[in-house]
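*Asks:* Let's see this in three dimensions:
(one chain, ligands or ions: 2)
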Amino acid sequence: MRVLVCDKVSEKGIQILQNAGITVDVKLKQTEDEIVNIVGDYQAVIVRSETKITKRIIEAGNQLKVIGRAGVGVDNIDVEAATMKGIVVCNAPEGNTIAAAELTMSHMLALARKIYPAANALKGGQWARSKYTGVELKGKILGILGLGKIGSEVAKFAQAFGMTIYGYDPYVTEERAKNLGVEIKSLEEIYAHADFITVHMPKTKETYRMISTEQLAMMKDGVRLINCARGGIIDEEALYNAIVSGKVAGAGIDVFEKEPTTESPLFGLEQVLVTPHLGASTEEAQVNVAIDVSEEIVRVLHGEVVRAAVNIPSVKPELMAIFAPYLDLIERLGRFIGQTVNGSIEKVTISYAGDLAKHNLNPLTTSFLKGMFKPSLQDSVNFVNAPHVAKQRGIKVSEIKTGDTEDYSNLITATVETSKGTRSVAGTVLRRNRGHILRVDDYNLNVELEGHMIVAPHYDRPRIIGGIGTVLGEHEINIAHMHVGRNVVGGEAIAILSVDAAVPTEAVKELAKVDGVLDVKYVDLT
Ligand SMILES: NC(=O)c1ccc[n+]([C@@H]2O[C@H](COP(=O)([O-])OP(=O)(O)OC[C@H]3O[C@@H](n4cnc5c(N)ncnc54)[C@H](O)[C@@H]3O)[C@@H](O)[C@H]2O)c1
Ligand SMILES: O=C(O)[C@H](O)COP(=O)(O)O
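*Replies:* Residues are numbered from 1 along each chain as shown. Ligands and ions are numbered 1, 2, ... in the order given. Down below sits the predicted model:
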């Protein structure tokens, strides 16, 4: 296995990959074309924020299984293109939190005390004390937009300086904010009252230029702004104008709309303190993120559970112990359905009953979809792209949590509606963690979901089962188990056979001709 490292990462991470038997090629500062030419030889790529992993690169990466970001932001990776190709995108979400929060505080303190212009003046030969009188943080209001990992750390640091913290984050509860000592406020309230405002959210359609001329005008005179998150969240031109007009007293900017950059009107203003995207650039953070992303890449390449994938649901290890047998069961239910329905699939409803229903069931539903598409899409569908394949095909997927476990500790029922009808299967995990199918449509049964199976709805009358046995015998296929489910004597019934070998298409056709057999499907669960 080979990993291509496109941006500078700590040796500690590279050692982890090498110790796992992975060949590591470090090729820095490559153009898109250069990467396109070589990426086909690699199963994994590692980047920081410099190298852009574009759709072209992803399309050329025929063996790519994972793109690792040694850091937080994945806006330099075309995650959608990776997802559609079934490539895991993972990051190192925690390793540089403290580094970025400390840089934010550095900017805040430096702005408050005018350290940058004062230092420059002194080095330029001016002993100008009164010109560089600053303000204190104590007693001031800090507005934090984005109360995730870094925003939360900044809140803690700033409280230690005696600041009052106002926070805005539509995805954070009042309870969590209260625990952090943050007062949740609207954006308007923050703009009206904050002495310092710092942004800590990802760059999205919603956050791009979310602080522009209109918002700056709503702010308190003399406000100081900090952006150590992503370039473009604060509109650079609007900021420039607001500083020149005197509305904004200062700004600390670590990230820019266009990177790298060595030219910006902001660089000409002494009230602006700039750093070249140094938020994560501490020795400690670089070791942390390199280790985290490398371990994640080893896990992906070894087929283990991924912890920090941004495009698949990750499962905590303790939950994984509960989920593991059900992930296997539900994938098999999906494969069973995928091979037994007629017509094109329009809707999938999965009902979960029992203790399982307490958890986020996204990984289980994804596993079902992966299994359902597997017979038609083979290896082009995986845990990463299965929900997107469903969406792309216009298939509606929903989950229901119910209480009725029918005496099993957990029961999963999947119902698939197609252009030609509905198929429903229910299953659970029984002895030795084996997945069992307990119901097909209205028929109750109990069959282990494995190996080669035949599903044959038929009329409940003599000689049909015998006819099926004769055909299989003629093809030298041994029957291991057989279960027949029926609801009304003489009505319709279903036969589910477990057989010891693959059933050739010819045999399936012959089985379908047995008088009284309504349909025959061969299910391969090997
Ligand atoms: N300067 C650097 O070198 C550096 C280093 C690390 C991280 N970062 C960047 O800092 C930012 C925050 O990183 P993090 O690790 O704290 O991420 P995080 O995911 O833990 O937190 C981001 C927070 O932003 C919130 N959010 C999303 N949209 C929002 C909106 N419209 N308004 C308000 N809040 C919103 C989310 O709910 C979340 O709580 C990211 O953009 C990351 O890329 C920069
Ligand atoms: O999102 C991040 O983790 C930071 O922006 C750090 O980027 P870097 O790894 O290029 O320093």
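*Asks:* Now do stretch 54-66, average pLDDT.
*Replies:* Taken as a whole, stretch 54-66 has a mean pLDDT of 96.
*Asks:* er, stretch 157-167 I mean
*Replies:* Averaged across stretch 157-167, pLDDT comes to 98.
*Asks:* Need the residues that contact it.
*Replies:* The contact list for stretch 157-167 (C-beta atoms under 8 Å, 6 or more residues apart in numbering) reads 101-102, 105, 108, 137-145, 147, 151, 155, 177, 180-185, 189-190, 193-194, 196. Glycine gets a C-beta too; all of them are placed from N, C-alpha and C.
*Asks:* secondary structure element for the closest residue to ligand 2 within the stretch 1-150 of the chain?
*Replies:* With C-beta to the nearest ligand atom, the shortest gap between the stretch 1-150 of the chain and ligand 2 falls at Gly71, namely 2.7 Å. Applying DSSP states H and E as the criterion places Gly71 outside every helix and strand.
*Asks:* Okay, it and Val39: tell me how far apart.
*Replies:* Noted for Gly71: a distance of 20 Å to Val39, by C-beta to C-beta, to the nearest Å.
*Asks:* higher neighbour count, the two?
*Replies:* Regarding Gly71 and Val39, a neighbour count based on other C-beta atoms under 10 Å identifies Gly71 as having more, with 28 against 22.
*Asks:* residues in contact with the more buried one?
*Replies:* Contact partners of Gly71, counting by C-beta under 8 Å, 6+ apart, are Arg48, Ser49, Asn91, Ala92, Gly95, Asn96, Ala280, Val289.
*Asks:* again, but for Leu111
*Replies:* Phe196, Arg224, Ile226, Ala249, Gly250, Ala251, Gly252, Leu273.
*Asks:* Enumerate the residues of the stretch 151-300 of the chain near ligand 1.
*Replies:* 151, 168-172, 200-202, 206-207, 228-230, 254-255, 277, 279-280 (C-beta under 6 Å from any ligand atom).
*Asks:* for the stretch 351-500 of the chain, which spans come out with low pLDDT?
*Replies:* For the stretch 351-500 of the chain, applying pLDDT under 70 flags no range at all.
*Asks:* how about the helices of it, start to end?
*Replies:* Along the stretch 351-500 of the chain, the stretches classed as helices by DSSP state H, counting those that start in this stretch are 362-377, 386-392, 464-474.
*Asks:* Which other helices and strands does the longest one contact?
*Replies:* Spelled out, it's helix 362-377. Secondary-structure packing of helix 362-377 (3 or more C-beta pairs under 8 Å, 6 or more residues apart in numbering; DSSP states H and E): helix 317-340, strand 345-354, helix 386-392, strand 396-402, strand 410-418.
*Asks:* Quickly note the distance from the residue lying closest to Gly148 once chain neighbours are set aside to ligand 2.
*Replies:* Excluding the flanking residues, the one nearest Gly148 by C-beta to C-beta, 6 or more residues apart in numbering is His200, at 6.3 Å. Distance, His200 to ligand 2, by C-beta to the nearest ligand atom, to the nearest Å: 11 Å.
*Asks:* Contact partners for His200?
*Replies:* By C-beta under 8 Å, 6+ apart, His200 lies in contact with Thr104, Ile144, Leu145, Gly146, Leu147, Gly148, Ile150, Gly151, Val154, Cys228, Ala229.
*Asks:* which ones are touching the fourth one?
*Replies:* Right, the one you point to is Gly146. Tyr168, Asp169, Val199, His200, Met201, Ala229.
*Asks:* distance of the first one from ligand 2?
*Replies:* What it means is Tyr168. Tyr168 sits 20 Å away from ligand 2, going by C-beta to the nearest ligand atom.
*Asks:* Let me see the contact set for that residue.
*Replies:* Contacts for Tyr168 (C-beta under 8 Å, 6+ apart) come out as Gly143, Ile144, Leu145, Gly146, Leu147, Ile184, Lys185, Ser186, Leu187, Ile190.
*Asks:* Give the bridge partners for the second one, please.
*Replies:* With beta bridges defined as DSSP bridges, Ile144 has these partners: Gly167, Thr198.
*Asks:* how about the residues of the chain near ligand 1?
*Replies:* By C-beta under 6 Å from any ligand atom, the residues of the chain that approach ligand 1 are 72-73, 93, 96-97, 100, 145-151, 168-172, 200-202, 206-207, 228-230, 254-255, 277, 279-280.
*Asks:* Is it possible to mark the buried ones in those?
*Replies:* 72-73, 93, 96-97, 100, 145-151, 168-169, 172, 200-201, 207, 228-230, 254-255, 277, 279-280 (16 or more other C-beta atoms under 10 Å).
*Asks:* Tell me which of those residues fall in strands.
*Replies:* Residues of these located in strands (DSSP state E): Leu145, Tyr168.
*Asks:* The nearest residue in space to Asn37 that is not next to it in sequence: neighbour count?
*Replies:* Leaving aside its sequence neighbours, Asn37 sits nearest to Ala60 (C-beta to C-beta, 6+ apart; 7.8 Å). Ala60 has 17 neighbouring residues, counting by other C-beta under 10 Å.
*Asks:* ok, and which of the contacts of Tyr168 reach ligand 2?
*Replies:* When C-beta under 6 Å from any ligand atom is applied, no member of the contacts of Tyr168 is adjacent to ligand 2.
*Asks:* Buried subset of the residues you listed as a ChimeraX selection?
*Replies:* To isolate the buried ones among the contacts of Tyr168 in ChimeraX, judged by 16+ other C-beta under 10 Å, type:
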select :143,144,145,146,147,184,185,187,190
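*Asks:* What is the nearest of the contacts of Tyr168 to Thr213?
*Replies:* Leu187 (14.9 Å; C-beta to C-beta).
*Asks:* beta partners of Thr402?
*Replies:* Beta bridges link Thr402 to Ala353, judged by DSSP bridges.
*Asks:* With ligand 2 as the reference, measure out to it.
*Replies:* Thr402 is 41 Å from ligand 2, by C-beta to the nearest ligand atom.
*Asks:* repeat for Ser376
*Replies:* Note on Ser376: its distance to ligand 2, by C-beta to the nearest ligand atom, is 38 Å.
*Asks:* Now do the same contact list for the nearest residue to that residue once chain neighbours are set aside.
*Replies:* Of all residues not flanking Ser376 in the chain, Gly338 sits nearest, at 6.8 Å (C-beta to C-beta, 6+ apart). Counting by C-beta under 8 Å, 6+ apart, Gly338 touches Gly371, Met372, Phe373, Lys374, Pro375, Ser376.
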